[in-house]
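# sequence unknown, structure follows:
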């Protein structure tokens, strides 16, 4: 065995390949279903029983033709001398579709180990896979794994280690007696190759192989090259020019594809049990959920329900659990600092700045937890993919593919993964448009702003007001897309939806919890940003040109806010405290709430007493319900947080585009707030 | 006829894929939708996408793609 074994990980998009890679390396790369996240070839090193394995994560592909760059890159890498073993990650719950790539990989002539992923999902759906028969039919080892639950990982490496020098099929038992007896072909390939074609094609393969043998005596895998020449593969035809006018009357590509699928059907028939039963159930559910008329209202109803639950249950948890804990911590830290006789300024910095800022972020954990729980349910049940179908015609009217709805939907959670999701859209223009409008979808960090201000100013209508923010965000996003559509070229107008709809399943508690936990972690990673923002805010508000400011009105922050205030007067936000809070919101939009608290001198803005105090303070300066609504509108639409900006910059690949996006969003926020504020004034 | 002129719950046989962008055509092929493949329409919207079943897998297909897939009534098996 070589010192370092190179393992190529390859599979269909969203087969769990990246999750498997992360399971080995503990890497923290995010992964979402329906997305092909692996844009580049990435390598990671794993040690196993004293051997070094280098995992090369290849792009997610459906086949290995030379038509797309990704497929060709993967294919050429697999054929290169560097690679030792192919690990084909297969989504067991979509075995039929995944096996097509498997058959192509086996034909490449390198050692293949199949990692049968998502076996837990197969079991859950009540299906069974004959793990004895499958490797017999494929002629390669098949190892069941669960990347999500980290099961079967060592077994897979073990199989890889044993399979490195194994080029012949392990065991190949086919039940092709009838076909073999009737075969007129001169060779019996059934013990040699997993994929045996019809006599017509096998005869052609033999002829081409003979020609290749004469022209290229050094060639390694004649059968595969012969097949590629029969398919008239662009790359191989160019690299090995031979005269095939005698045999090649037409391209055999379609026949070869068909025969592969026929063999897959045979495999499925033998190894997969109980498939039909589950399929019937999915058809029944789909008859309702993707109904031509009811599909859309059902989807919108579900979204509304999710947000009502996020509010009622989330707020209850916040009052009962989070607030007492945070207040307790804050009091404890204060007592500690007083006991240690810490400088008064330091105490203010820690308690008023840092603890208050971070505490505010943490107090919204229940709301966000519930929201992601709901989104995870939609995703895990298999409904998420239907959304693309249900929304296709509506999105089409906006000049966006139905798939663009998914990043927009993710935008309700967090704009960062949403923008990342938009990067997987096929066309640059779709991508740009989607990234431009996705920040208008109200992310969870904006929720705290709505919760506080709608509860303060709209009391029992709080949920309705907050929900209206989501509707407004969607409306602005759709309107923007609609306007942009007029600038589309002809090519852009010919969009195309093509998405797989998985079978429905009872959501798995474990995978939902993992999903929610990952989102929580993502939310927690914002804490350091908030920490720094709180620190900067404290300095801004407590220091002035002459060192420590005696009064907040003498601080740097007040100066900056006062300079910018005139710009915000026409939209009802001409208060320097509000302006400073909005600036601080660029660090993370939830900061607006804590900043408002600090700026108006409120101790705990999230508590009932804090809100009453805040309401009283705001009333004295003439800030009423209409102003609050304008503030919420501005927060909904203006420049996204720093983390999002960094993601957008990466997606666009240019600061110029990013800068234009920021200016555009600021302008839209100002305009819409202006309209909302002045319409609101008419009713007061 | 075009696939999007087909009726729900009917099974058809693919005759030819025409007038589609090459990448889309290749993608359909890789997903197993080739000439002679049986395709069942599970659901469709009036002027929109359709849901089909090809080789055991469900797909949502946009109107533009569906219009490029020519089918005929499948022989009764």
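Received it, and whenever you're ready, just let me know what you need. Worth saying up front: this structure is predicted, and the values here are computed from it rather than measured. Residues are numbered from 1 along each chain as shown, chains lettered A, B, ... in the order given.
# so what's the residue in the stretch 351-500 of chain A positioned nearest to chain B closest to, chain neighbours aside?
Residue nearest to chain B within the stretch 351-500 of chain A: residue A:497 (3.2 Å; CB to the nearest CB). Just so you know, the C-beta spots here come from the backbone N, C-alpha and C atoms, and that holds for glycine as well. Distances taken as CB to CB, 6 or more residues apart in numbering or on different chains put residue B:62 closest to residue A:497, at 3.2 Å, once the chain neighbours are dropped.
# Any chance of the backbone angles for that neighbour?
With angles defined as degrees, to the nearest 10, residue B:62 sits at phi -70, psi 160.
# My guess is it contacts residue A:395. True?
No: checked against CB atoms under 8 Å, the pair residue B:62 and residue A:395 is beyond contact range at 10.2 Å.
# Next to chain B, which bits of the stretch 201-350 of chain A? Give me the list.
With the criterion set to CB under 8 Å from any CB of the partner chain, the stretch 201-350 of chain A comes near chain B through A:253-254, A:257-258, A:261, A:264-265, A:268, A:275, A:279, A:282-283, A:286-287, A:290-292.
# mind listing what's buried in the lowest-mean-pLDDT helix or strand in chain B?
Using mean pLDDT, DSSP states H and E, the weakest-scoring helix or strand in chain B turns out to be helix B:22-30, at a mean of 82. Burial within helix B:22-30, assessed by neighbour count using 16 or more other CB atoms under 10 Å in any protein chain shown, is assigned to B:24-30.
# Intersect the residues you listed with the contacts of chain A.
Taking CB under 8 Å from any CB as the test, chain A is in contact with B:24, B:26-30 out of the buried residues of helix B:22-30.
# what about residue A:450, which helix or strand?
Taking DSSP states H and E as the criterion, residue A:450 maps to helix A:447-458.
# before we move on, back to that, higher neighbour count, residue B:62 and residue A:395?
residue B:62 (26 against 22; other CB atoms under 10 Å in any protein chain shown).
# got a pLDDT number for the residue of chain B found nearest chain A?
Residue nearest to chain A within chain B: residue B:62 (3.2 Å; CB to the nearest CB). As predicted, residue B:62 sits at a pLDDT of 87.
# Next one: it relative to residue A:162, how far apart?
To residue A:162, residue B:62 is 46 Å away according to CB to CB, to the nearest Å.
# quick one: stretch A:319-335 to chain centroid distance?
In this view, stretch A:319-335 has its centroid 35 Å away from the chain centroid, taken as CA atoms, centre = their mean, to the nearest Å.
# What residues of it count as buried?
Within stretch A:319-335, the residues that count as buried by 16+ other CB under 10 Å are A:322-323, A:326-327, A:330, A:334.
# who's in contact with that stretch?
Contacts with stretch A:319-335, where a contact means CB atoms under 8 Å, 6 or more residues apart in numbering or on different chains, come from A:347, A:350-351, A:355-356, A:359, A:362-363, A:365-366, A:604, A:606-608.
# Who are the contact partners of residue A:661?
A:435-436, A:648, A:652.
# meant to ask about residue A:350, not that
Residues in contact with residue A:350 (CB under 8 Å, 6+ apart) are A:333, A:337, A:342.
# Same question for residue A:500.
Contact analysis of residue A:500 by CB under 8 Å, 6+ apart lists A:94, A:97, A:385, B:31, B:57-59.
# With residue A:121 as the reference, measure out to it.
Taking CB to CB, one finds residue A:500 at 14 Å from residue A:121.
# coming back round to it: now render the contacts of residue A:661 as a markdown table, adding neighbour count, secondary structure and pLDDT.
Output for the contacts of residue A:661, formatted as a markdown table (neighbours: other CB atoms under 10 Å in any protein chain shown; DSSP: H, G, I helix; E, B strand; the rest coil; pLDDT from 0 to 100):
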| residue | neighbour count | secondary structure | pLDDT |
| --- | --- | --- | --- |
| A:435 | 27 | helix | 91 |
| A:436 | 21 | helix | 92 |
| A:648 | 22 | helix | 82 |
| A:652 | 21 | helix | 79 |
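# In three-state terms, label residue A:187 for me.
coil (DSSP: H, G, I helix; E, B strand; the rest coil).
# and if you look at residue A:481?
Three-state call for residue A:481 (three-state DSSP): helix.
# Surely it touches residue A:433?
Yes: under the criterion of CB under 8 Å, residue A:481 makes contact with residue A:433 at 6.1 Å.
# Next, show the common contact partners of those two.
The contact sets of residue A:481 and residue A:433 overlap at A:399-400 (CB under 8 Å, 6+ apart).
# out of the two, which sits in the more crowded spot?
Between residue A:481 and residue A:433, counted using other CB under 10 Å, residue A:433 has the larger neighbour count: 24 against 21.
# Can you point out the helix or strand that includes that one?
helix A:428-437.
# Please apply the same query to residue A:680.
Going by DSSP H and E, residue A:680 is in helix A:655-683.
# Show the average pLDDT along that helix.
For helix A:655-683, the mean per-residue pLDDT is 93.
# Only the buried residues of that helix, if you could.
For helix A:655-683, the neighbour count (16+ other CB under 10 Å) marks A:657-658, A:661-662, A:665, A:668-670, A:672-674, A:676-677, A:680 as buried.
# quick one: which of those residues is nearest to chain B?
For the buried residues of helix A:655-683, the nearest to chain B is residue A:657 (25.2 Å; CB to the nearest CB).
# Now do the contacts for that closest one.
Counting by CB under 8 Å, 6+ apart, residue A:657 touches residue A:432.
# so how far is stretch A:259-270 from its chain's centroid?
On CA atoms, centre = their mean, the centre of stretch A:259-270 falls 32 Å from that of its chain.
# quick one: contacts of that stretch?
A:95-96, A:99-100, A:103-104, A:130, A:133-134, A:137-138, A:175, A:195-198, A:201, A:275, B:32, B:34, B:37, B:55-56.
# Among the residues you listed, name the buried ones.
A:95-96, A:99-100, A:103-104, A:133-134, A:137-138, A:195-198, A:201, A:275, B:32, B:34, B:37, B:55-56.
# which ones among those are found in helices?
Of the buried ones among the contacts of stretch A:259-270, the ones assigned to helices by DSSP state H are A:95-96, A:99-100, A:103-104, A:133-134, A:137-138, A:201, A:275.
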